[in-house]
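Student: My questions concern the predicted model and sequence given below.
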Amino acid sequence: MFRFRLAPDDMHFGFMRLRRLSYPFSAFMSIASVVAFLVIGLNFGIDFSGGTLLEMRAKSGHADLAQLRQLGDKLGLGEVEVQAFGGDQDVTLRVRLQPGGDKAQQDAVEKVKQAVGDGYEFRRVEVVGPRVSGELVQSGTLGVVVSVLAVLIYLWFRYEWQLAVAAVIATMHDLLLTVGFFAITQLEFNITSIAAILTVVGLSLNETVVVLDRIREILKKYRRASMTEIIDMSINAVLSRTIMTATTTTLALLALVFFGGHVIQSFSLAMMWGVIVATYSSVFICSPILIYLGAPGHGPDSKPPAP
């Protein structure tokens with residue numbers, strides 16, 4: 001019976017030969033991410049930078065989100081977020097915090113009301129000030145830090161110290177590059193971006209655990225093989241699964257990017273980047289570390305990988 005294979009069963013590609021390229025590349029990307037974060041910074045959305053929330057209801061028919069977005073772009077108030085909620089008639093507009101204090105915010109609300117006209121009923125107007133947005137930044141940062149620490153503690157207790165160190169470095173590598181991705185692309189960083197970062201950490205953990213578990217299994221079978229050979233065997237053994245996971249996840253995220261709308265665009269793009277980074281780091285960052293640290297029952301490799 002024919003079985004479709006994404007990678008041949010007898011594949012023996014020497015992935016570890018590429019570590020001399022992957023490590024300098026990752027070092028460059030990590031430094032670029034730190035520089036972009038410190039110099040450019042993140043493009044905070046209204047959730048974190050403050051602004052005005054207007055809750056509206058269409059007086060007749062459905063709320064036309066596309067038309068409202070076009071109106072918002074023409075007002076000159078910066079980025080205006082339009083999002084449906086509740087029923088088909090309900091919609092919210094979020095306007096960025098305007099320079100000039102309370103008067104500027106009131107003028108922005110009046111501009112929106114004049115542009116929208118009589119077709120909508122304004123049910124609620126709420127201003128999110130810098131203090132509230134600053135508290136959201138602190139809470140979001142604390143949530144990410146606590147979650148990452150919990151993941152790192154889990155890795156440390158799950159594996160022997162060599163494997164745990166490799167997993168921790170790979171996870172931090174993926175987290176750093178994802179934050180750098182937001183800084184370099186200037187995608188809006190909001191509450192959904194926090195969810196994207198935490199999901200990327202989960203993806204990284206999943207890919208890393210799959211590879212390390214296979215390495216630990218093969219270590220027990222081939223105790224005389226070099227660490228390089230064991231890692232290459234392990235990666236080739238899980239290659240079909242890795243390709244399938246990355247491909248199916250990317251296809252789903254592509255659908256969200258093109259059809260999910262503006263509201264979740266930053267989340268979808270960050271997730272696509274996270275899939276690429278997590279897959280890359282599990283093969284070219286986490287695994288090669290064991291060549292230098294060794295593993296339980298194996299010391300560091302003293303001979304070069306087989307050609």
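Tutor: Happy to help now that I have it.
Student: quick one: average confidence on stretch 47-54?
Tutor: Mean pLDDT, computed over stretch 47-54, is 74.
Student: Buried residues in it, which are they?
Tutor: Buried residues in stretch 47-54, counted by 16 or more other C-beta atoms under 10 Å: D47, F48, S49, G50, G51, T52, L54. C-beta coordinates here come from the backbone N, C-alpha and C atoms, glycine included.
Student: Let me see the contact set for the fifth one.
Tutor: Residues in contact with G51 (C-beta atoms under 8 Å, 6 or more residues apart in numbering) are R94, V95, R96, L97, V127, V128.
Student: Give me the spatial nearest neighbour of the third one, chain neighbours excluded.
Tutor: Pointing back at R96 there. Sequence neighbours aside, G78 is the residue nearest to R96 in space, at 4.1 Å (criterion: C-beta to C-beta, 6 or more residues apart in numbering).
Student: where along the stretch 1-150 of the chain do the strands fall?
Tutor: For the stretch 1-150 of the chain, strands defined by DSSP state E, counting those that start in this stretch occupy the ranges 43-44, 51-58, 80-84, 90-96, 120-128.
Student: per-residue confidence for the residue nearest to R96?
Tutor: According to the prediction, G78 has pLDDT 71.
Student: cool, I31 as well?
Tutor: Here the pLDDT value assigned to I31 is 94.
Student: Equivalent analysis for S26, please.
Tutor: S26 is assigned a pLDDT of 92 by the prediction.
Student: do the same with A295
Tutor: Looking at A295, its pLDDT is 68.
Student: now W156
Tutor: As predicted, W156 sits at a pLDDT of 78.
Student: pretty sure it is in a helix, no?
Tutor: Yes. Assessed by DSSP: H, G, I helix; E, B strand; the rest coil, W156 belongs to a helix.
Student: burial of it, as a residue count?
Tutor: W156: 15 surrounding residues under other C-beta atoms under 10 Å.
Student: quick one: contacts for it?
Tutor: Applying C-beta under 8 Å, 6+ apart, the residues near W156 are A164, V168.
Student: at 7 Å instead, please
Tutor: A164 (C-beta atoms under 7 Å, 6 or more residues apart in numbering).
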